[in-house]
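Structure, please.
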Amino acid sequence: MVGEHIVKSFDEELKRLTNAIARMGGLAESQIAGAIQAVVKRDTELASGIVQGDQKIDDLEREVDERAIQLLALRQPMASDLRAVIAALRIASDVERIADYAANVAKRAMALSQMPPVRPVHAVPRMGKIVQEMIKDVLDAYANRDVDKAVAVWNRDEELDEMYSSLFRELLTYMMEDPRNITASTHLLFIAKNIERIGDHATNIAETVHYLVRGFQLRAARPKGDATSFTVVQPEDKGTA
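Residues are numbered from 1 along each chain as shown. Below is the predicted model:
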């Protein structure tokens with residue numbers, strides 16, 4: 001009876017950890033959606049609310065940390081139980097960073113709203129849609145211990161990287177066409193990079209889910225489609241008059 005009580009108590013504490021992460025994830029998804037909308041609609045009030053809302057996720061991460069530390073100290077879990085606690089700590093950290101990047105997007109949205117609109121902003125909602133789907137799917141994979149769904153998210157990061165690379169090239173061309181676009185385009189580049197980094201953290205969570213369920217890390221090299229480090233855009237030759 002004592003052993004059963006200890007197991008049940010431990011399972012309940014793990015469930016509370018999982019629920020806290022689910023709340024973090026729900027808030028992070030909302031933050032991302034709001035930040036993208038603030039960029040598109042040039043809504044400074046919405047963007048300001050996103051920045052202020054980041055504190056709620058920070059508080060939840062501290063709650064997860066405290067619960068996890070208590071579990072490690074008092075229960076001294078082993079094997080799959082230990083992996084569950086470690087996974088919770090890793091995932092909470094990744095979700096907190098996702099929310100930070102969403103807040104960064106919102107801050108850039110406030111700056112962009114003070115400038116004339118830039119044409120390449122049309123790519124931001126497409127990137128945002130993909131990354132929101134990745135976050136939702138990977139958190140569902142964690143809640144349901146679904147490795148296949150986690151690996152699908154892991155593979156999808158390449159698509160997001162390719163979109164980022166395409167936007168990067170477009171923005172470079174846009175800046176060269178008219179130097180007056182440089183400031184706004186630079187803010188948009190940072191927005192796109194923050195969205196791309198959100199995808200990287202979703203991929204981190206996918207790897208953690210694989211470790212949690214299977215007990216070992218993914219062996220394959222992470223798929224990457226970000227070619228911006230090698231991108232060179234030549235100014236157009238106007239010729240001579």
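
which stretch of helix or strand covers residue 117?
Assigned by DSSP states H and E, residue 117 falls within no helix or strand.

roughly how far apart are it and residue 207?
38 Å (CB to CB, to the nearest Å). Bear in mind the C-beta positions are built from the backbone N, C-alpha and C, glycine included.

Name the residue in the two with the higher neighbour count.
residue 207 (19 against 9; other CB atoms under 10 Å).

Isn't residue 146 up against residue 140?
Yes. Contact criterion CB atoms under 8 Å: residue 146 and residue 140 qualify, at 6.9 Å.

For residue 218, grab the count of nearby residues.
Counted by other CB under 10 Å, the residues lying close to residue 218 total 18.

per-residue pLDDT, it?
Residue 218 is assigned 83 on the pLDDT scale.

That one: what secondary structure?
coil (DSSP: H, G, I helix; E, B strand; the rest coil).

Quick check, it in contact with residue 210.
Yes. Between residue 218 and residue 210 a contact is recorded at 5.1 Å, counting by CB under 8 Å.

Need the overlap of contacts for the two.
Listed as contacting both residue 218 and residue 210 by CB atoms under 8 Å, 6 or more residues apart in numbering are 151, 154.

can you pull out the helices in this structure?
Here the chain has its helices, by DSSP state H, at 2-41, 44-75, 79-112, 123-144, 147-177, 182-214.

Residue 139: what's it in contact with?
For residue 139, the contacting residues are 21-22, 25, 29, 205, by CB under 8 Å, 6+ apart.

again with residue 48
106, 110.

And the one 3 residues further on, by the same measure?
Under the criterion of CB under 8 Å, 6+ apart, the neighbours of residue 51 are 103, 106-107.

so which of these comes closest to residue 49?
Closest approach to residue 49 among those (CB to CB): residue 106, at 8.2 Å.

Can you give me the neighbour number for the closest one?
30.

Check residue 80 too.
Neighbour count for residue 80, taken as other CB under 10 Å: 10.

Kindly report the same for the one 4 residues further on.
As a burial measure, the neighbour count of residue 84 was computed by other CB under 10 Å and equals 19.

For it, give its distance to residue 211.
Going from residue 84 to residue 211 by CB to CB gives 11 Å.

now swap in residue 164 and tell me
26 Å.

Any chance you could spot the residue sitting in the middle of this protein?
Centroid-nearest residue in the chain, with CA atoms, centre = their mean: residue 198, separated by 2.5 Å.

Would you confirm that it contacts residue 31?
No. Look at residue 198 against residue 31 with CB under 8 Å: they stay out of range, at 10.0 Å.

okay, and the common contacts of these two?
Common neighbours of residue 198 and residue 31 (CB under 8 Å, 6+ apart) are residue 102.

Cool, thanks, talk later.
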